[in-house]
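A.B. asks: quick one: sequence and predicted model below, then my questions.
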Protein chains: 2
Amino acid sequence: MAGLKNCAGKFITFEGIEGVGKSTHIMFVTEELHRLGVPIEVTREPGGTEISEEIRALLLTHRTEVMTPTTELLLLFAARAQHITKIIKPALAAGKCVLCDRFTDATYAYQGGGRGINLQHILQLENLVQGDLRPDFTVLLDATDIDACLSRAKGIGTGDRIEVEERAFFERARKIYIARANGNPARFKIIDAVNPVIEVQQQIMQALDEKFGAS
Amino acid sequence: MAGLKNCAGKFITFEGIEGVGKSTHIMFVTEELHRLGVPIEVTREPGGTEISEEIRALLLTHRTEVMTPTTELLLLFAARAQHITKIIKPALAAGKCVLCDRFTDATYAYQGGGRGINLQHILQLENLVQGDLRPDFTVLLDATDIDACLSRAKGIGTGDRIEVEERAFFERARKIYIARANGNPARFKIIDAVNPVIEVQQQIMQALDEKFGAS
């Protein structure tokens, strides 16, 4: 596990649909990297700064007025622009390992796959907002059993505006996640989220070690 | 003034920096068109729907965290996407004359001119969010005396996060407004906002009559 110390200064994201255990596994990785003396910034999207969390609240609140898909998309990237400038880039510049619960892959999956927004529009915004910033590594916790994951999410979740979408929405999101991971195997590691927690954790640590150990 | 009845189904925007009297003149035009039996929808940007007004509040609130220019830009277009879908397009489809206090020209002026955002990025978002929707006519109330206008705005305004910008910000915004108006004389009418109110009103009505009378 000598590669883990090289996570310093790297931008690592955790992706997957509701109920795949992102929060649990991010906490675990945080503990392990902390133990190894790697400086860490743990954050999440949408959110991460005061303004981005206000945008998050706006995104996730149930209300009578239906939010258009384009509004949702632009709010996500507005929060992201703030998050990148205020949190992610300064943390990376300070040599921290940034662990982020969801990033732009989630926008492709949820707004592209789930809501049916043109993926080219998402790509335009990704370039406009991020410049050349992309995650160094992405753990995709794959919901091989969607029903089990959604049921787990329902048990612990808040049932916000996106969590209450129907099963087909998450199926479409999962498909986009997998397509993106298969299209970029150097950045992604797909891990079956339905396996026992300790196995998933071992696979995450091994993937990080392999990714960053060679450098 | 026979052309005024043809304002039905048209999208008319009012632009200009703080203190040029947009609200006053929109109220006047509303009264006149109402008197002529033209169905009207009066609205404003950012705002116009419950969600867009929430985004407006987010944009205009003073807080410790500095909002990045890109976040501001994306929030404006998020509010606009909602506004177009929920208010502007349905009103136009119903044959109403939509009178809007600021639209995308203000984004070019304030975020492009004022904040220095690349105008090509604004153009990208304009195309993404609006498709082919553009105002049919735009009244630019020009602040030929910026100090007089800013002083008027200060007297009646709330001093929100954008109103408190320095003079040079509004000078840059005014320059972009004028450049856009000169580049598209068929859509814009520039009116000196510092003239007596009744003169400005006469010029607005004459401009609308000329624009829509010919059709």
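C.D. replies: Structure received. Residues are numbered from 1 along each chain as shown, chains lettered A, B, ... in the order given.
A.B. asks: get me the contact residues on chain A for chain B.
C.D. replies: Within chain A, the positions near chain B by C-beta under 8 Å from any C-beta of the partner chain are A:49-51, A:54-55, A:58, A:63-65, A:67-68, A:70-71, A:74-75, A:77-79, A:81-82, A:85-86, A:121, A:124-125, A:128-129. For the C-beta atoms, the positions are set from N, CA and C on the backbone; glycine is no exception.
A.B. asks: so which elements touch the lowest-mean-pLDDT helix or strand in chain A?
C.D. replies: Using mean pLDDT, DSSP states H and E, helix A:146-156 stands out as the lowest-scoring helix or strand of chain A, at a mean of 85. Contact partners of helix A:146-156 among helices and strands, from 3 or more C-beta pairs under 8 Å, 6 or more residues apart in numbering or on different chains; DSSP states H and E: helix A:167-183.
A.B. asks: okay, buried residues for the helix it packs on please.
C.D. replies: Of the residues in helix A:167-183, A:169-170, A:172-174, A:176-178, A:180-181 count as buried by neighbour count, 16 or more other C-beta atoms under 10 Å in any protein chain shown.
A.B. asks: again with stretch A:140-150
C.D. replies: A:140-143, A:146, A:149-150.
A.B. asks: quick one: low-confidence ranges for chain A?
C.D. replies: A:157-158, A:214-215 (pLDDT under 70).
A.B. asks: please, where are all the helices along it?
C.D. replies: A:22-35, A:50-60, A:69-83, A:89-93, A:104-107, A:119-130, A:146-156, A:167-183, A:197-213 (DSSP state H).
A.B. asks: next up, the contacts around the residue nearest to residue A:81 when sequence neighbours are not counted.
C.D. replies: Using C-beta to C-beta, 6 or more residues apart in numbering or on different chains and skipping the chain neighbours, the partner closest in space to residue A:81 is residue B:70 (4.0 Å). Residue B:70 makes contact with A:78, A:81, A:85, A:128-129, B:117 under the criterion C-beta atoms under 8 Å, 6 or more residues apart in numbering or on different chains.
A.B. asks: cool, residue A:32 as well?
C.D. replies: Counting by C-beta under 8 Å, 6+ apart, residue A:32 has contacts A:4, A:205.
A.B. asks: tell me how far it lies from chain B.
C.D. replies: 31 Å (C-beta to the nearest C-beta, to the nearest Å).
A.B. asks: from residue A:11, how far off is that residue?
C.D. replies: 18 Å (C-beta to C-beta, to the nearest Å).
A.B. asks: go on, residue A:44?
C.D. replies: For residue A:44 relative to residue A:11 (C-beta to C-beta), the value is 14 Å.
A.B. asks: need the overlap of contacts for these two.
C.D. replies: Both residue A:44 and residue A:11 are contacted by residue A:100, under the criterion C-beta under 8 Å, 6+ apart.
A.B. asks: these two: who's more crowded?
C.D. replies: Neighbour count, other C-beta atoms under 10 Å in any protein chain shown: between residue A:44 and residue A:11, residue A:11 has more, with 23 against 19.
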